[in-house]
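Colleague: Pasting a predicted model and its sequence here:
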There are 2 protein chains.
Amino acid sequence: MPIARILAIGDELVLGRTVDSNSTALARMLGDLGFTVDQVRQVGDGEAGICAALRALAADAAVVVCTGGLGPTADDRTRHALAAAMGVSLEESATAWRVIRKAWARLRPGVTVPDINRQQALVPVGGSWLANDRGTAPGLLAHIGSCQVACLPGVPHEMLAMAQRLARRLPRLVPGLIRPVVAEVWFSGIGESTAQERIADLFSERDPQVGITVSEAGHITLRVVGRGPVVRRRARELAARLTGHVLPAPGLAASLVAELARRGQIMTAAESCTCGQVAAQLGAVPGASAVWQAGIIAYHDAVKRRLLGVPAALLRRHGAVSCEVVAAMAAGARSLARADVAVATSGIAGPGGGTATKPVGLVWLACATRSGVVTREVRIRGERERIQRRAAAAALQLVWDVLHGRVAANNAAH
Amino acid sequence: MPIARILAIGDELVLGRTVDSNSTALARMLGDLGFTVDQVRQVGDGEAGICAALRALAADAAVVVCTGGLGPTADDRTRHALAAAMGVSLEESATAWRVIRKAWARLRPGVTVPDINRQQALVPVGGSWLANDRGTAPGLLAHIGSCQVACLPGVPHEMLAMAQRLARRLPRLVPGLIRPVVAEVWFSGIGESTAQERIADLFSERDPQVGITVSEAGHITLRVVGRGPVVRRRARELAARLTGHVLPAPGLAASLVAELARRGQIMTAAESCTCGQVAAQLGAVPGASAVWQAGIIAYHDAVKRRLLGVPAALLRRHGAVSCEVVAAMAAGARSLARADVAVATSGIAGPGGGTATKPVGLVWLACATRSGVVTREVRIRGERERIQRRAAAAALQLVWDVLHGRVAANNAAH
């Protein structure tokens, strides 16, 4: 498979101020086109460093895609570094300059293009410019030896739109590119290591390549990439080994929304320690309004009593973080929101508030339905942010399990 | 300044499945210690590629920090690649093996350590292992020539905890390291370009270096890094130019929690289109419980009526996404939650539901206090996820403005 590499340019990357999500998107796009991406690099804005990186990456690759450093200021040296790596000079493209002025007229009506922006019309001799319909900086397409080099802007939404057009063009520029077949299997409710044991013999590095990714939202994705019918067959084999844990959509929230919509049921949540994260995950799914009408964040005991009807005696006797209180919260929320299914969370997210018997990371969950209330205790290691995120994922998992009749208590560490 | 470089290892990175936030955190940590980070690289799991990258990066650097590839499986080749790059063999460390077994006993009580995990006790001759108190994979510390090489696991929370310990150790290992002074100024309520115009002459690339970062949570951070009193002086100058927009804490949510705690006030939120994101942002702040007791997610009109007391006639006449309804939601939430301050959101997050007069991205916000209700209309471009996130940030900004008596309507696009 032809080799592709990515070079992300910008001081903000090597200073650790910005996470480089552009390279992740480009790596995925190039992989889906049939390239092997064997290296990604980030360098600062200096011209010499960019030029050296371009030369090194282009030496034995079919394609190098760069992002960043195409702006109008003195710091933006990508086009100069590309010309230097090619051993040619830069020339102003009259067409590019016309396009830049048109983009300004569209995006910033009434503002004269500063003279400094004229450098954005410079193109290395032998190269060409790439249209940018979201911003004012055109991209560049050239080659260093036999390696195609595309330079795109660093602004993510401009970069992504241009990368999609580049993806349609690359198969014509790089001979021998065969687009792979991609299939995904999503699952949850068992850990990565347990899953790995069940499917160990189905992993392979190529033909097809099988990869596993753990999402922060609580599910795990198996991604099968290869050629021909072997891809779908392997995906079916993987799913068969994970029976009872496979999700119909990418993620617990999307799967729950689809499943509840299919059943014509309404869900609600009463959140204490997760403080809106269960609601936010469900609400992020397009079409959530079909199954999701209301949620309560009951952080304070008085609110648990007053809005959710949790008896004061229960709070006094067991404390807010308890099996009894979280069950009452779920039942109260179900009735208050007139929902079919209610989930409740109550735990100690930290950093303060932990005790010897109720340490930071202890979370009680409950799910109330017409059939009654199921509770589950989980213990989550880490910081406040991780505890809240994992507790929200565990709450969605509990609902999923209840909907599918799998309600055994699960006290494993998360 | 001594050069440091970062190498992140994992097929998931070059396949574009995982965004490499580890390298961002490491780059920042190394910069704060006084290193110049001039390059970050991601490579796949192959031993030859890791070895070549280690050699190239170590050639003229003082430190290389790696993450990933320290697991127990056949794919995990970082330690082998490090030994190969050093030109030495691997030897089992009896102490490391004991520590691994102890970690298993603590983290997975009752589970026997699989024999395959024994490779995690292998250390290159001349190197040493680094304790991991969050997981079972120890790290490694060695040197290639005069370059120190530290290998940390790829799991973010394990990596971060170990990186903090490494940061305390590096100044002893690398002579000539001078920790810079770092000062930050956080602000919100004006856009990046407006801010840039006000402070253009205070930007500099070094002595001190001034950087700007736009957060997804709605605020902007100016970061001043350098030596001596010039850093704090520049930070004061920057803050003076942004008077009225500077935040006391990093982020709107943290600033609001601090400000409300200072005033002894309680806040609540009634969220429609943001679906829990306002609550989640406030709840993520440690100590939020002092000012935050309850929140309502009122996605459905019936819930807006029944729980928040929004008159049915108002919903019929103006629709849920309107100035009138969002004001009634805020007033209703303030009374329901017995709070001093209530914020409400109602908008069209898309992808469906937009009309010519109420397009996707239109969001109405309201803030109710003892003095009355203030509303604000915002229009947000982009996808559902961006609209919800920016609407939550705009809601927090409205509360901040109301608390500080800045309540002029703001109809600008976001």
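Modeller: Perfect, I can see it now.

Colleague: near chain B, which residues of the stretch 151-300 of chain A show up?
Modeller: Residues of the stretch 151-300 of chain A lying close to chain B by C-beta under 8 Å from any C-beta of the partner chain are A:157, A:196, A:211, A:213, A:221, A:223, A:269, A:271, A:274-280, A:282-284, A:286-289, A:292-300. Heads up, the C-betas are built off the backbone N, CA and C, glycines and all.

Colleague: low-scoring stretches of chain A, by residue?
Modeller: Applying pLDDT under 70 to chain A picks out residues A:408-414.

Colleague: Let me see the ranges of the strands in the stretch 201-350 of chain A.
Modeller: Assigned by DSSP state E, counting those that start in this stretch, the stretch 201-350 of chain A shows strands spanning A:209-214, A:220-226, A:246-247, A:267-271, A:292-298, A:341-347.

Colleague: could I get the ones you listed as a markdown table with distance to residue B:183 and mean neighbour count?
Modeller: What follows is those, written out as a markdown table (distance: least, C-beta to C-beta, whole Å; neighbours: other C-beta atoms under 10 Å in any protein chain shown):
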| stretch | distance to residue B:183 | mean neighbour count |
| --- | --- | --- |
| strand A:209-214 | 37 | 18 |
| strand A:220-226 | 41 | 21 |
| strand A:246-247 | 46 | 20 |
| strand A:267-271 | 37 | 31 |
| strand A:292-298 | 35 | 29 |
| strand A:341-347 | 36 | 30 |
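
Colleague: wait, which of those strands is closest to residue B:382?
Modeller: Using C-beta to C-beta as the criterion, the shortest distance between residue B:382 and those is 21.8 Å, found for strand A:292-298.

Colleague: Show me what that closest one is packed against.
Modeller: Strand A:292-298 is packed against strand A:267-271, helix A:277-283, helix A:323-336, strand B:292-298, helix B:301-306, with contacts defined by 3 or more C-beta pairs under 8 Å, 6 or more residues apart in numbering or on different chains; DSSP states H and E.

Colleague: Save the strands of the stretch 201-350 of chain A as TSV, and put in distance to residue A:389 too.
Modeller: Compiled in TSV, the strands of the stretch 201-350 of chain A are given as follows (distance: least, C-beta to C-beta, whole Å):
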stretch	distance to residue A:389
strand A:209-214	12
strand A:220-226	15
strand A:246-247	18
strand A:267-271	13
strand A:292-298	16
strand A:341-347	12
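
Colleague: closest to residue A:127 out of these?
Modeller: Of the strands of the stretch 201-350 of chain A, nearest to residue A:127 by C-beta to C-beta is strand A:220-226, at 31.7 Å.

Colleague: List the neighbouring strands of the closest one plus their orientation.
Modeller: The strands that strand A:220-226 pairs with in its sheet are strand A:181-187 (antiparallel), strand A:209-214 (antiparallel) (by DSSP bridges).

Colleague: and the first one, which residues are buried?
Modeller: Okay, so that is strand A:181-187. Using 16 or more other C-beta atoms under 10 Å in any protein chain shown as the burial criterion, the residues of strand A:181-187 that qualify are A:182-183, A:185-187.

Colleague: can you list the residues that contact that strand?
Modeller: The contact list for strand A:181-187, computed with C-beta atoms under 8 Å, 6 or more residues apart in numbering or on different chains, reads A:32, A:195, A:208, A:219-228, A:231-232, A:234-235, A:238-239, A:242, A:245-247, A:249-251, A:255.

Colleague: The same query, at a cut-off of 7 Å, please.
Modeller: With contacts defined as C-beta atoms under 7 Å, 6 or more residues apart in numbering or on different chains, strand A:181-187 is touched by A:32, A:195, A:219-228, A:231-232, A:235, A:238-239, A:242, A:245-247, A:250-251.

Colleague: Past it, which element shows up next along the chain?
Modeller: Downstream of strand A:181-187, the next assigned helix or strand under DSSP states H and E is helix A:192-199.

Colleague: Out of the buried residues of strand A:181-187, the closest to residue B:332 would be?
Modeller: Scanning the buried residues of strand A:181-187 for proximity to residue B:332, where the rule is C-beta to C-beta, the winner is residue A:186, at 38.9 Å.

Colleague: nearest residue to that closest one other than its sequence neighbours?
Modeller: Leaving out its chain neighbours, the residue that sits closest to residue A:186 by C-beta to C-beta, 6 or more residues apart in numbering or on different chains is residue A:247, at 4.2 Å.

Colleague: Grab the nearest non-local neighbour of the closest residue to chain B within the stretch 301-414 of chain A.
Modeller: Residue of the stretch 301-414 of chain A nearest chain B, by C-beta to the nearest C-beta: residue A:303 (4.0 Å). Using C-beta to C-beta, 6+ apart and skipping residues adjacent in sequence, the residue nearest residue A:303 is residue B:294, 4.0 Å away.

Colleague: doesn't residue B:293 make contact with the residue of the stretch 301-414 of chain A closest to chain B?
Modeller: Yes. Taking C-beta atoms under 7 Å as the contact criterion, residue A:303 and residue B:293 are neighbours in contact, 5.3 Å apart.

Colleague: which neighbours do the two share?
Modeller: Jointly contacting residue A:303 and residue B:293 under the rule C-beta under 7 Å, 6+ apart are residue B:337.

Colleague: Assign a three-state SS to residue A:73, would you?
Modeller: Each residue gets one of three states, and residue A:73 gets coil by DSSP: H, G, I helix; E, B strand; the rest coil.
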